[in-house]
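>>> how would this look folded up:
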Amino acid sequence: MTLLTTFGPDFKDVGKFFVGFDEQFNRLAKIHDDMSKNIPNYPPYNIKKTGDNTYVIEVAVAGFSKQDIEIELNDGRC
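Predicted coordinates:
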């Protein structure tokens, strides 16, 4: 059996199939960049694996006490 690949491992030839779509790709890239700038990174958190099926989630929420924070699980997920 021979495996025939159209694109190399770095997809360098993929651009020839999208000639004329450069402006659309540039617009999509700009939209992505603009949207990702406005996504808040609050609160910062760390997820540490402590066992095969156990994790510790650390959340940095300055000015809050444990009583102010509520964690809700849906189907075993946060």
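
>>> And the one helix or strand in the chain whose mean pLDDT sits lowest, how far out from the chain middle?
The helix or strand of the chain with the poorest confidence is helix 22-37; it has a mean of 82 (mean pLDDT, DSSP states H and E). Relative to the centre of its chain, helix 22-37 is centred 16 Å away, using Cα atoms, centre = their mean, to the nearest Å.

>>> Give me the buried stretch members for the helix or strand following it, please.
Beyond helix 22-37 on the C-terminal side, the first helix or strand identified by DSSP states H and E is strand 45-49. Going by neighbour count (16 or more other Cβ atoms under 10 Å), nothing in strand 45-49 comes out as buried. Placement of C-beta: from N, CA and C, glycine included.

>>> tell me what strand 45-49 is packed against?
strand 55-59 (3 or more Cβ pairs under 8 Å, 6 or more residues apart in numbering; DSSP states H and E).

>>> Alpha carbons only: can I get the least confident helix or strand of the chain in CSV?
Output of helix 22-37 as CSV, limited to C-alpha atoms (Å, rounded to 0.1, in the frame of the first residue of the first chain):
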residue,chain,number,x,y,z
ASP,A,22,-5.5,36.5,1.4
GLU,A,23,-7.7,39.4,2.4
GLN,A,24,-10.3,37.2,4.1
PHE,A,25,-7.6,35.3,6.0
ASN,A,26,-6.1,38.6,7.1
ARG,A,27,-9.5,39.8,8.3
LEU,A,28,-10.1,36.6,10.3
ALA,A,29,-6.6,36.9,11.9
LYS,A,30,-7.4,40.5,12.8
ILE,A,31,-10.7,39.5,14.4
HIS,A,32,-9.0,36.8,16.3
ASP,A,33,-6.3,39.2,17.6
ASP,A,34,-8.9,41.8,18.6
MET,A,35,-11.1,39.3,20.4
SER,A,36,-8.2,37.7,22.3
LYS,A,37,-7.0,41.0,23.6
